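>>> sequence first, then the predicted structure:
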Amino acid sequence: MEYSIKPIAVVSNSRKMIEDDNWGNVISTVELTKDIHASSLTGIDDFSHLEIIFYFDKVVDEKIQYEARHPRNNKDYPEVGIFAQRGKNRPNKIGVTVVELLELKDRTLIVSGLDAIDGTPIIDIKPVMKEFLPKGELKQPSWATDLMKNYWD
């Protein structure tokens, strides 16, 4: 079974190359495509954060990971499956990030914390509601904490 998904928006920002770290100061605009009506964003500015679902369109099929690997190819980290990490070389090339909404301007969202490069297609936008956030304490392995130490700097 295959699905066809059309982008609903596109990212514009200063990041032109795929990089793993230093996303914290990146400000991005997310502009709706011409076929999506501006009114689809009505009320979104009542939320502080959004969940952005995007497509890693620059990842070539030959780089897709289907098995366990060392995150960032760092042998200091254990081999874990692609679904136990957030790497870009995923079978369906889908990324998800929670961002802070800074401003809504007609057909454009201005956000911080979006780890998608310039030109990345957006496939969905959802408001973050606290009722959808995890309940209880989050758990993660120490390698993940180490891997992420410079991600948002």
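That came through fine. What you are looking at is a predicted structure, and each value in this text was computed from that prediction instead of being measured. Numbering: from 1, shown residues only.
>>> helices and strands of the protein: which one bottoms out on pLDDT?
Ranked by mean pLDDT, DSSP states H and E, the weakest helix or strand in the chain is helix 142-147, scoring a mean of 91.
>>> where in the chain is pLDDT low?
21-22 (pLDDT under 70).
>>> just give me the longest strand of it.
strand 94-105 (DSSP state E).
>>> downstream of that strand, the next helix or strand is which one?
Remark: after strand 94-105, the chain's next helix or strand is strand 108-112, criterion DSSP states H and E.
>>> show me what the least confident helix or strand of the chain packs onto, helices and strands only.
For helix 142-147, there is no helix or strand it packs on, judged by 3 or more CB pairs under 8 Å, 6 or more residues apart in numbering; DSSP states H and E. Backbone N, C-alpha and C define where each C-beta goes, glycine included.
>>> show me what contacts residue 104?
41, 44-45, 110 (CB atoms under 8 Å, 6 or more residues apart in numbering).
>>> quick one: buried ones out of these?
Buried members of the contacts of residue 104, counted by 16 or more other CB atoms under 10 Å: 41, 110.
>>> what's the least confident helix or strand of the chain in contact with?
71-72, 74, 76-78, 85.
>>> redo that, cut-off 10 Å
Helix 142-147 has contacts (CB atoms under 10 Å, 6 or more residues apart in numbering) with 20-21, 70-72, 74, 76-78, 80, 84-87, 140-141.
>>> quick check: buried residues in it?
143, 147.
>>> please export the C-alpha coordinates of it as PDB.
Provided in PDB are the C-alpha atoms of helix 142-147 (Å, rounded to 0.1, in the frame of the first residue of the first chain):
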ATOM      1  CA  SER A 142      22.600   8.200  28.500                       C
ATOM      2  CA  TRP A 143      23.900   8.000  24.900                       C
ATOM      3  CA  ALA A 144      20.800  10.000  23.700                       C
ATOM      4  CA  THR A 145      21.500  12.700  26.300                       C
ATOM      5  CA  ASP A 146      25.100  12.900  25.200                       C
ATOM      6  CA  LEU A 147      24.200  13.000  21.500                       C
END
